[in-house]
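Engineer: fold the stuff below for me.
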Amino acid sequence: MDTAAQRPTVAQLVLGLFISWQLLFLPAANYLAFFPHGQAEEGELSDSRGAPGEAGTAGAVQKAIHVAAGITDAWTYLTGQVQAWWLFAPDVPRASTFPIVELRWDDDTESPTVPPVRLRTILEPSDPQAYFHPPSSFDRLFHYEARLGLIFSNWNEQTLAQNPEYWRGAIKDRVRRQWRSTRAYLRWYVQYVQREHPELGPPKQVILWIRFYPTPEPGQSSVPWRPPMEQPLARWRPEPPPQPGVLPIEAYDPVARCFVALRAKED
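Structural biologist: The predicted model follows:
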């Protein structure tokens with residue numbers, strides 16, 4: 001039988017088209033990421049690195065980039081091929097961040113009648129200079145927690161003093177964007193504490209702190225790490241429910257040093 005004369009099957013054609021598309025998609029998706037397109041932020045805990053072009057610059061070339069990038073982005077999310085190359089360069093985070101959840105049963109933060117409970121993530125190493133994390137089922141928790149604290153990966157007292165209004169706005173924007181994910185994370189810890197210590201009852205305040213370890217400068221690998229710093233990010237009051245038009249999660253104002261309410265939508 002002459003197999004050379006046989007026509008390809010449907011399965012072979014589909015496989016060939018898929019391979020051809022992937023060979024085109026992979027370089028296109030990576031190179032299009034260098035051009036402004038899409039939305040600046042997508043979702044609450046996404047890897048979106050979109051950088052939309054400035055208003056009034058949507059010419060023919062920019063429109064073509066939007067169309068092409070829209071196709072590759074859609075295929076990226078559909079098939080789970082999201083790439084996060086910015087993990088390495090050029091803007092490498094200057095600190096490693098870990099969340100801390102603090103439960104308080106009093107409104108008085110100076111002299112509480114019930115001592116607050118502070119819960120650190122299981123993923124924070126006891127010694128940041130010598131640790132090993134084997135592969136485990138905690139990978140999803142790691143990515144969830146990392147995204148909650150990314151806002152402080154380049155934060156310190158010096159940058160706050162230099163540009164306080166930037167940090168005030170950046171923290172508010174981040175909490176407003178991630179309030180659902182933040183509340184879900186805080187609620188998870190509340191349920192854990194209530195299950196283990198039902199005698200405590202529901203807390204009045206649940207505060208999300210971010211604990212971060214500054215990364216040593218190049219050439220200072222032998223110098224001991226500086227002590228970690230902590231910065232409050234958000235607060236959830238389970239009761240009473242918020243006023244209409246106000247989010248249930250408050251943001252921390254690093255300038256006024258207090259928590260402030262956030263409107264559901266900016267005017």
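Engineer: helices along the stretch 1-150 of the chain, start to end?
Structural biologist: With DSSP state H, counting those that start in this stretch as the definition, the stretch 1-150 of the chain shows helices at residue ranges 10-32, 60-79, 139-149.
Engineer: so, low pLDDT: which residues of the chain?
Structural biologist: Within the chain, the stretches with pLDDT under 70 are 1-5, 38-43, 46-58, 84-91, 108-110, 220-224, 266-267.
Engineer: domain map for it?
Structural biologist: With domains defined by automatic domain parsing, the chain comprises 9-87, 95-260.
Engineer: return the most buried member of the ones you listed.
Structural biologist: domain 95-260 (a mean of 15; mean count of other Cβ atoms under 10 Å). For the C-beta atoms, the positions are set from N, CA and C on the backbone; glycine is no exception.
Engineer: now do that one: distance to the chain's middle.
Structural biologist: For domain 95-260, the separation from the chain centroid amounts to 12 Å (computed by Cα atoms, centre = their mean, to the nearest Å).
Engineer: equivalent analysis for stretch 59-79, please.
Structural biologist: Taking Cα atoms, centre = their mean, the mean C-alpha location of stretch 59-79 is offset from the chain mean by 24 Å.
Engineer: picking that back up, of all the helices of the stretch 1-150 of the chain, which one comes closest to residue 119?
Structural biologist: With Cβ to Cβ as the criterion, residue 119 lies closest to helix 139-149 of these, at 12.0 Å.
Engineer: ok, and what's touching the next helix or strand after that closest one?
Structural biologist: Next in sequence after helix 139-149, counting helices and strands by DSSP states H and E, comes helix 157-162. Outside helix 157-162, the residues within contact range by Cβ atoms under 8 Å, 6 or more residues apart in numbering are 167, 254.
Engineer: and if we set it to 10 Å?
Structural biologist: 94, 156, 166-168, 229, 231, 254-255 (Cβ atoms under 10 Å, 6 or more residues apart in numbering).
Engineer: could I get those residues as JSON lines with distance to residue 185 and secondary structure?
Structural biologist: Putting the contacts of helix 157-162 into JSON lines (distance: Cβ to Cβ, whole Å; DSSP: H, G, I helix; E, B strand; the rest coil) gives the following:
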{"residue": "94", "distance to residue 185": "24", "secondary structure": "coil"}
{"residue": "156", "distance to residue 185": "24", "secondary structure": "coil"}
{"residue": "166", "distance to residue 185": "25", "secondary structure": "helix"}
{"residue": "167", "distance to residue 185": "22", "secondary structure": "helix"}
{"residue": "168", "distance to residue 185": "23", "secondary structure": "helix"}
{"residue": "229", "distance to residue 185": "20", "secondary structure": "strand"}
{"residue": "231", "distance to residue 185": "16", "secondary structure": "strand"}
{"residue": "254", "distance to residue 185": "21", "secondary structure": "coil"}
{"residue": "255", "distance to residue 185": "25", "secondary structure": "coil"}
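Engineer: looking at those, which is nearest residue 181?
Structural biologist: When these are compared for distance to residue 181 (Cβ to Cβ), residue 231 wins out at 18.2 Å.
Engineer: surely the closest one and residue 207 touch.
Structural biologist: No. With contacts counted by Cβ atoms under 10 Å, residue 231 stays clear of residue 207, the gap being 11.1 Å.
Engineer: common neighbours of the two, please.
Structural biologist: Common contact partners of residue 231 and residue 207 (Cβ under 10 Å, 6+ apart): residue 252.
Engineer: what about the strands in the stretch 151-267 of the chain?
Structural biologist: Taking DSSP state E, counting those that start in this stretch as the criterion, the stretch 151-267 of the chain contains strands spanning 205-214, 229-236, 249-253, 258-260.
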